[in-house]
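1. Generate a structure from the sequence data that follows.
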Amino acid sequence: MPAYSLADPPILAFVLLPASVAILFVWGIAAAWKRTGRAGAKAAVRAAGFTLIWMSTTAALADRGIFRDWDATPPPFALLVVALIALSVGIAFSPLGWRLATGLPLWALVGVQAFRLPLEIAMHALVSRGIMPEQMSYSGRNFDVVTGATAIVVAGLLAAGVAGRRLVLAWNVLGLVLLVNIVVVAILSTPRFAVFGPDRLNVFVTYPPFVWLPTVLVVAALAGHLIIFRAVRGGRL
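-> Alright, predicted model coming up:
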């Protein structure tokens with residue numbers, strides 16, 4: 001793993017983007033509770049506390065090298081992936097997820113996924129620094145930048161009242177497929193599989209602050225798509 005510094009903007013992005021998404025998550029909970037006629041302060045404080053503990057714990061484990069034990073069976077990183085999927089699904093299909101799906105404007109639920117545009121730009125920059133393998137960028141096998149860019153357009157159309165159910169569903173399916181694609185590529189790029197070769201390994205996500213890419217940003221993306229499905233199914237369009 002090459003040396004890196006938070007003074008480098010693409011590296012700093014892996015702190016600022018997760019922090020921004022975490023803040024939006026807490027704000028969204030407060031806003032959703034308020035729109036449904038209940039005080040959201042307590043729910044927001046609980047969400048903030050859980051998010052802070054989650055981010056601190058995963059960063060500490062990454063700093064200690066826990067996720068870099070690829071010889072263990074199963075590898076700790078594999079357990080982390082399972083935990084991330086469970087957390088995403090748990091949030092989306094919990095009462096909290098339903099409150100977000102029904103209490104927030106649909107354009108906001110779509111628009112928040114725009115964080116994937118600057119994320120992909122930052123990820124692409126990591127390739128030239130030798131930190132991330134090329135197949136995980138949009139110059140390789142990662143096309144998730146499309147989701148981030150189009151989220152802005154679809155959110156704008158929703159806010160203007162001209163987007164329909166089919167457009168939102170089509171965009172949401174596309175975004176979910178592209179997310180699954182890069183997650184699979186990332187997993188296959190780990191030392192346990194090394195599908196793309198031993199010189200193109202994905203190990204950077206086991207170091208802080210890059211660990212927040214899967215533990216915060218992927219969780220936000222996956223849970224967000226599932227919540228949008230719940231919103232549309234609930235008659236928001």
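2. Can you give me the buried ones in the helix of greatest length in the chain?
-> The single longest helix within the chain, with elements called by DSSP state H, is helix 9-35. Buried residues in helix 9-35, counted by 16 or more other CB atoms under 10 Å: 10-11, 13-14, 17-18, 20-22, 24-33. Every residue, glycine included, has its C-beta placed from N, CA and C.
3. Next: stretch 216-235.
-> Within stretch 216-235, judged by 16+ other CB under 10 Å, the buried ones are 216-232.
4. so where do the strands sit in the chain?
-> Using DSSP state E, no strands are found in the chain.
5. Pretty sure Ala194 sits against Leu201.
-> Yes - applying CB atoms under 8 Å, one finds Ala194 in contact with Leu201, separated by 6.2 Å.
6. Neighbour count for the two, which is higher?
-> Leu201 (18 against 15; other CB atoms under 10 Å).
7. So that one sits against Pro191, correct?
-> Yes - here Leu201 lies in contact with Pro191, judged by CB under 8 Å, at a distance of 5.5 Å.
8. Common neighbours of these two, please.
-> Common contacts of Leu201 and Pro191 (CB atoms under 8 Å, 6 or more residues apart in numbering): none found.
9. gap between the nearest residue to Arg68 once chain neighbours are set aside and Val146?
-> Take Arg68 and drop its neighbours on the chain: the residue closest to it by CB to CB, 6 or more residues apart in numbering is Thr206, 4.8 Å away. For Thr206, the distance to Val146 equals 27 Å [CB to CB, to the nearest Å].
10. what about the two, which has more around it?
-> More crowded of Thr206 and Val146, by other CB under 10 Å: Thr206, with 24 against 17.
11. give the contact list for the more buried one.
-> Thr206 neighbours (CB under 8 Å, 6+ apart): Ala62, Gly65, Phe67, Arg68, Phe77.
12. That'll do, ta.
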